[in-house]
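>>> sequence and predicted structure are below.
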Amino acid sequence: MLYYHNLINNEIKQITTSDLYITAVSCTKNGTIFYGTPEGKIFQINSSDKPALLLDFQVKYGSKDWFSIEKITENRKGELMIGTSKSGVYVYDFKEKTLKSMLGPERLKQFLYVRDILQPNDTEYWFATESGLFIYQIADQSFINIQKEQENPWGISDNAVYNILQDKDQGIWIGTYFGGVNYYHKNNSIIEKFLPQDKPGSLKGSVVRIITKDPTGKVWIGTENGGLSKLDPSSGQIQNFSEKREIWPTIIFMASCPMTINYWSELSSMA
């Protein structure tokens, strides 16, 4: 179900019915809220705080279980980037009202489960997937797929990549499901690993469910097997919270709107 929280008057309002399962929520630069469902539907919240259907993947592509909406984000052109559970990445052009596949089974000859999408610059996209990290070149539509290599100390630590986050230094944080946190250094293309260790100041969880940054530049890491951690990029120090409690079975995804005073949250039970 979907709620919003007004930070001025502390009002909390339920937007959708309690039985609706939501898999992704996003807020664009103009303050528009979108959310996705396991059935491949994307809704837009209108000015009256009512959901309106924007896209239905099963109507367009057929009744398949390929289209659970796992990620919705806005690219630098104002288009919607959409990650799905089996069918890869799509882009929706609001002006042309067109939905096109960008990277998926047709090109890869396999399913592609997309967890996160980042556009770090004007020339490329980064896709976090269950099949490793994809870096997609916009100009010629080529891509590389970075996967774990046992003999490569500077590669990613696990193929199940869940999160991608860019920091103020243009470095990129990569959260994996079993390999902790990786950090891509822009200047030398090295990937540094932050792996769980049994000592103070180290990451406690290897199963990274979500990564976000706060206004001071600190990186917050939510894990399923080591609680919540805060990482200071300038020093590399990690502070751990609630080490004995897992983040799930309840997961809350939030989207703050730059043009409003509301926080939007989606509550889903993993039990």
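Good, I have the coordinates.

>>> pretty sure Ile22 contacts Lys41?
No - using C-beta atoms under 8 Å, Ile22 makes no contact with Lys41, being 10.2 Å away. To be clear about C-beta, it is placed using only N, CA and C from the backbone, and glycine gets the same treatment.

>>> give me the phi and psi for Gly36.
With angles defined as degrees, to the nearest 10, Gly36 sits at phi -120, psi 160.

>>> quick check: it vs Pro233, distance?
Distance check for Gly36 against Pro233: by C-beta to C-beta, to the nearest Å, it reads 31 Å.

>>> quick check, Lys230 in contact with Thr216.
No - Lys230 is beyond contact range of Thr216, at 10.1 Å (criterion: C-beta under 8 Å).

>>> if you count neighbours, what's buried in stretch 40-49?
For stretch 40-49, a neighbour-count test (16 or more other C-beta atoms under 10 Å) marks Gly40, Lys41, Ile42, Phe43, Gln44, Ile45 as buried.

>>> dump the residues you listed into JSON lines; add pLDDT, distance to Lys71 and secondary structure as well.
Shown next, in JSON lines, are these (pLDDT from 0 to 100; distance: C-beta to C-beta, whole Å; DSSP: H, G, I helix; E, B strand; the rest coil):
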{"residue": "Gly40", "pLDDT": "97", "distance to Lys71": "13", "secondary structure": "coil"}
{"residue": "Lys41", "pLDDT": "97", "distance to Lys71": "15", "secondary structure": "strand"}
{"residue": "Ile42", "pLDDT": "97", "distance to Lys71": "11", "secondary structure": "strand"}
{"residue": "Phe43", "pLDDT": "96", "distance to Lys71": "15", "secondary structure": "strand"}
{"residue": "Gln44", "pLDDT": "95", "distance to Lys71": "16", "secondary structure": "strand"}
{"residue": "Ile45", "pLDDT": "92", "distance to Lys71": "18", "secondary structure": "strand"}
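
>>> parallel or antiparallel, which strands does the helix or strand where Tyr90 lies pair with?
Per DSSP states H and E, Tyr90 falls inside strand 89-93. Partners of strand 89-93 in the sheet, by DSSP bridges, are strand 80-84 (antiparallel), strand 98-103 (antiparallel).

>>> can you dump the C-alpha coordinates of the shortest one into PDB?
Put plainly, it is strand 80-84. The C-alpha trace of strand 80-84 is given here as PDB (Å, rounded to 0.1, in the frame of the first residue of the first chain):
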ATOM      1  CA  LEU A  80      10.700   7.000 -17.400                       C
ATOM      2  CA  MET A  81      13.200   4.200 -17.000                       C
ATOM      3  CA  ILE A  82      11.600   1.000 -15.900                       C
ATOM      4  CA  GLY A  83      13.200  -2.200 -14.600                       C
ATOM      5  CA  THR A  84      11.300  -5.500 -14.600                       C
END
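
>>> from the chain's centre, how far out does stretch 182-192 sit?
Centroid separation for stretch 182-192 versus its chain: 20 Å, with C-alpha atoms, centre = their mean, to the nearest Å.

>>> swap in stretch 36-45?
For stretch 36-45 - counting by C-alpha atoms, centre = their mean - the centre lies 16 Å from the chain centre.

>>> next, the buried residues of the strand holding Tyr90.
Val89, Tyr90, Val91, Tyr92.

>>> just stretch 145-164 next, same as before
145-146, 148, 155-164.

>>> with stretch 91-107 instead?
Val91, Tyr92, Leu99, Ser101, Met102, Leu103, Gly104.

>>> what's the distance between the fifth one and Lys77?
In other words, Met102. Counting by C-beta to C-beta - Met102 and Lys77 are separated by 13 Å.

>>> name the helix or strand of the protein that has the lowest mean pLDDT.
The weakest-scoring helix or strand in the chain, judged by mean pLDDT, DSSP states H and E, is strand 250-256 (a mean of 48).
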